[in-house]
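Peer 1: build me a model:
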Amino acid sequence: MTIAKDTYRLDGGAGAGKRALIIGLVALAITGVGFLVDRQRFFHAYLTAYMFWLTIALGALFLVMLHYLVNARWSIVIRRLVESIMTVLPAMAILFLPILGGMHDLYHWTHTEAVAGDELLTAKAPYLNAAFFIARAAAYFAIWFVLARTLYRNSIAEDTRYDEARRAKTRKVAAGGMLLFAFTTTFAAFDWLMSLDPHWYSTIFGVYVFAGAALSIVCFVTILLAYLRRQGVLANVVGVEHYNDLGKLTFAFTIFWAYMAFSQYFIIWYANIPEETIWYQHRWAGSWKFVSLLLVIGHFVVPFILLLPKTIKRNLGFLVGMSLWLLLMQWVDLFWLVMPSISPDGAALSWIDPVAMVGIGGVFLWLFWRKFASASIIPVGDPRLDASIESLSL
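Peer 2: Reported below is the predicted structural model:
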């Protein structure tokens, strides 16, 4: 894999994307066998894997809009990488189709007889019904598609000619888009994850899912940059100062995730309303308590302590290791959110869980890599690119 010095376009990197696609398709085919073996487990494993990769793409969209809103300088060198990740969002709409096909297996509120005999579900029926669920999902993907496409198109246009007026429009799109992102991400979390237990509700749940998405994209970008560096790509462009900034973001979003998780738990614990506490009781039954404790220690305590020193955040090898660990914790967190609805007595892994992750992940990485390799891998037209390369992290 080489890179053109004048255009910063990759040459000879197509093999990585093709390998990811082949592995992904094979894994998806094997995942399909899971549908025949255990239909209910298949849909829940697929939903867990799907949400893992979707939150990374949504985190990328958030990070790009945040970059424009705060007019960040240090992140210019990694902006094209993050933009390429967010362009996967339209394809995620296609990968959402199996979830629509498995609604009856995933969501209790789709059972007409159950709704008719349940006063609470009957009251929620105007919102929790199949037609409105599908319509909302279509609206979420349409908004994410328009935002991702507009931001990416404007960024690519700057490679040939920078236009201050276009940049101003991009910032306006980011400003309005951030509001739409907040609403759509929140309601998507309500619809696709929280409604797995339709009797339970938490107004902070959407922010909790967003916190995991924001942390995931920072970890994912750190790993990708390390991979490119090993291939001899961007080694002289993205340096220790940028990794230090990524480490600080990882530290900040680790605390933010823990704050949201504890806030949700504390409010429910203090109110002690049976309709709310039952959700946590399900996640303390049997071996689920060990998963809950793993999240407390592995998703917060360990990374919080290890990421405190500045010297650690400037160590690429450590950051990559911590990023891999936190991505694993993100999957455990989603597993913890999804699986108690079919495994109430305790946590149990299935071979379908990792295979579904690899299947969707392979397609996700192929789509990302194809877009990333199709243009300059850094925004060469940005007038502050040199300042970004030479930026210092405080």
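
Peer 1: roughly how far is stretch 286-300 from the heart of the chain?
Peer 2: 21 Å (C-alpha atoms, centre = their mean, to the nearest Å).

Peer 1: swap that for stretch 6-20, please
Peer 2: From the chain centre to the centre of stretch 6-20 is a distance of 24 Å (C-alpha atoms, centre = their mean).

Peer 1: quick check: buried residues in it?
Peer 2: 8-10, 13, 16-17, 20 (16 or more other C-beta atoms under 10 Å). Placement of C-beta: from N, CA and C, glycine included.

Peer 1: quote the end-to-end distance of it.
Peer 2: Stretch 6-20 has an end-to-end distance of 28 Å (C-alpha to C-alpha, to the nearest Å).

Peer 1: okay, residue 162: pLDDT?
Peer 2: We note a pLDDT of 88 for residue 162 in this prediction.

Peer 1: er, residue 233 I mean
Peer 2: pLDDT, residue 233: 85.

Peer 1: ok, now how distant is the closest residue to it other than its chain neighbours from residue 214?
Peer 2: Excluding the flanking residues, the one nearest residue 233 by C-beta to C-beta, 6 or more residues apart in numbering is residue 3, at 5.3 Å. Note on residue 3: its distance to residue 214, by C-beta to C-beta, to the nearest Å, is 29 Å.

Peer 1: point out where the chain drops to low pLDDT.
Peer 2: Residues of the chain meeting the criterion pLDDT under 70: 13, 392-394.

Peer 1: ranges for the strands of it?
Peer 2: 2-3, 10-11 (DSSP state E).

Peer 1: any chance of the ones you listed in a markdown table, with distance to residue 313 too?
Peer 2: What follows is the strands of the chain, written out as a markdown table (distance: least, C-beta to C-beta, whole Å):
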| stretch | distance to residue 313 |
| --- | --- |
| strand 2-3 | 27 |
| strand 10-11 | 28 |
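
Peer 1: next up, the contacts around residue 259.
Peer 2: residue 211 (C-beta atoms under 8 Å, 6 or more residues apart in numbering).

Peer 1: with only the CA atoms kept, save stretch 169-176 in PDB.
Peer 2: Provided in PDB are the C-alpha atoms of stretch 169-176 (Å, rounded to 0.1, in the frame of the first residue of the first chain):
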ATOM      1  CA  LYS A 169     -23.000  26.500   4.600                       C
ATOM      2  CA  THR A 170     -21.400  23.300   5.800                       C
ATOM      3  CA  ARG A 171     -21.200  24.700   9.300                       C
ATOM      4  CA  LYS A 172     -24.900  25.700   9.100                       C
ATOM      5  CA  VAL A 173     -25.700  22.100   8.000                       C
ATOM      6  CA  ALA A 174     -23.700  20.800  11.000                       C
ATOM      7  CA  ALA A 175     -25.600  23.200  13.400                       C
ATOM      8  CA  GLY A 176     -29.000  22.100  12.300                       C
END
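
Peer 1: so what touches that stretch?
Peer 2: Here stretch 169-176 has contacts from 64-69, 71, 147, 150-151, 154-155, using C-beta under 8 Å, 6+ apart.

Peer 1: any chance of JSON lines for those residues, columns neighbour count and distance to residue 99?
Peer 2: Shown next, in JSON lines, are these (neighbours: other C-beta atoms under 10 Å; distance: C-beta to C-beta, whole Å):
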{"residue": "64", "neighbour count": "26", "distance to residue 99": "25"}
{"residue": "65", "neighbour count": "24", "distance to residue 99": "26"}
{"residue": "66", "neighbour count": "16", "distance to residue 99": "28"}
{"residue": "67", "neighbour count": "21", "distance to residue 99": "30"}
{"residue": "68", "neighbour count": "21", "distance to residue 99": "31"}
{"residue": "69", "neighbour count": "13", "distance to residue 99": "31"}
{"residue": "71", "neighbour count": "9", "distance to residue 99": "37"}
{"residue": "147", "neighbour count": "23", "distance to residue 99": "22"}
{"residue": "150", "neighbour count": "15", "distance to residue 99": "26"}
{"residue": "151", "neighbour count": "23", "distance to residue 99": "26"}
{"residue": "154", "neighbour count": "19", "distance to residue 99": "31"}
{"residue": "155", "neighbour count": "23", "distance to residue 99": "30"}
